[in-house]
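**Student:** need a 3D model of the following:
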Amino acid sequence: MQLQVFTYEDESPFEFTTVDMDGEAWFVANDVMALLGLTNITETLRALDDDEKQTSVILKSGQNRKVWLVNESGLYNLIFKSKKPSAIRFRKWVTKVVLPAIRKTGSFDGIDRTATPNFVKRFNDNYMRIDGGYFSVISELFIILQGRFERLGYQIPDKAYSGKEIRPDVSVGSHFSKYLQKKHPLDCGKHKMYMHLFPNGLEIECRQYPDALLSLFRKFVLTEWIPNHASGYFQERDRKALDYIPKLISNSAA
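**Tutor:** Sure thing, here's the model as predicted:
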């Protein structure tokens, strides 16, 4: 179950929470009824069919709360019960913006999970650019991050909520460089550069490290980056990953 907060702007900005349950969008009834000016919550919900409503416990305003949810059919029934002129505008916004966006991406949260991740593309495009006796951050992450995620049932998407490419190798590379400076200063200067190719054709200099540092790098990813930085990284990009990171940590420690 995934939650997402939409902001509907009409007479004034109004936030309402939506929930994805098995790929179907459900709406928090109280939010919708407040927006539509429906004050008799109990009677209004009683008028809906059983398959249009259900209760669930969700995280709302920082607390787990038991709420009534309505599906798409139930939402339309609530809209039709409203006497507010803005109800028609709200219905058009939901049907023309919110629901089509969900169906187009194949994901409730707005992330297109059907696209080949740029992370995978860049691994394939740059694998042969690394010198013999060296490894790159992305080549190793493809095995110890992407591979482990996939075994748990999660794949790093192509793009984040913002539309920007998801590139965990940038975060890992930056933190690993700082880690070497702090913990292993004698190994700081042992890297050399290679030209990293991006899907748009852009090439940027990136570091490649000698194989002698490979075990150190893997240990860093498993014991430092994943436990301490992965959640913060994916929180802003794809919160679905947060469900899998604890399993990733647990498996790494085993």
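**Student:** can you name the element that comes right after the lengthiest helix in the chain?
**Tutor:** The residue-count maximum for a helix in the chain (DSSP state H) belongs to helix 168-183. Downstream of helix 168-183, the next assigned helix or strand under DSSP states H and E is strand 192-197.
**Student:** in contact with the residue lying closest to residue 158 once chain neighbours are set aside, which residues?
**Tutor:** Distances taken as Cβ to Cβ, 6 or more residues apart in numbering place residue 115 nearest to residue 158, at 4.2 Å, with adjacent residues excluded. C-beta coordinates here come from the backbone N, C-alpha and C atoms, glycine included. Contact analysis of residue 115 by Cβ atoms under 8 Å, 6 or more residues apart in numbering lists 157-159.
**Student:** just residue 208 next, same as before
**Tutor:** Contacts of residue 208 by Cβ under 8 Å, 6+ apart are 130-131, 134-136, 191-194.
**Student:** quick one, domains of this protein?
**Tutor:** 2-105, 118-253 (automatic domain parsing).
**Student:** can you give me the strands in the stretch 51-200 of the chain?
**Tutor:** Under the criterion DSSP state E, counting those that start in this stretch, strands of the stretch 51-200 of the chain are mapped to 53-60, 63-70, 134-136, 192-197.
**Student:** count of residues packed around the closest residue to residue 69 other than its chain neighbours?
**Tutor:** Spatial nearest neighbour of residue 69, chain neighbours left out: residue 26 (4.1 Å); criterion: Cβ to Cβ, 6+ apart. Applying other Cβ atoms under 10 Å, we find 26 residues neighbouring residue 26.
**Student:** likewise residue 139?
**Tutor:** 17.
**Student:** give me the distance between it and residue 129.
**Tutor:** 10 Å (Cβ to Cβ, to the nearest Å).
**Student:** then residue 191?
**Tutor:** In terms of Cβ to Cβ, residue 191 sits 15 Å off from residue 129.
**Student:** compare the two (neighbour count), which wins?
**Tutor:** Per other Cβ under 10 Å, whichever of residue 191 and residue 129 has more neighbours is residue 191, with 19 against 15.
**Student:** wait, that one touches residue 205, no?
**Tutor:** No. Counting by Cβ atoms under 8 Å, residue 191 stays clear of residue 205, with 11.0 Å between them.
**Student:** coming back round to it: show me the one of the domains of the chain that comes nearest residue 111.
**Tutor:** domain 118-253 (5.0 Å; Cβ to Cβ).
**Student:** pull the helix or strand with minimum mean pLDDT from this structure.
**Tutor:** None of the helices or strands of the chain scores lower by mean pLDDT, DSSP states H and E than helix 99-105, at a mean of 65.
**Student:** dihedrals phi and psi, residue 198?
**Tutor:** Main-chain dihedrals, residue 198, degrees, to the nearest 10: phi -100, psi 160.
**Student:** ignore what I typed, I meant residue 116.
**Tutor:** phi -70, psi 120.
**Student:** which residue packs closest to it, ignoring adjacent ones?
**Tutor:** In this structure, residue 116 finds its nearest non-sequential neighbour in residue 158, 6.7 Å apart by Cβ to Cβ, 6+ apart.
**Student:** distance of the one you found relative to residue 218?
**Tutor:** 25 Å.
**Student:** settle it for me: which of these two has more neighbours?
**Tutor:** Neighbour count, other Cβ under 10 Å: between residue 158 and residue 218, residue 158 has more, with 19 against 15.
**Student:** residues in contact with both of residue 191 and residue 205, list them for me.
**Tutor:** By Cβ under 8 Å, 6+ apart, residue 191 and residue 205 have no common neighbours.
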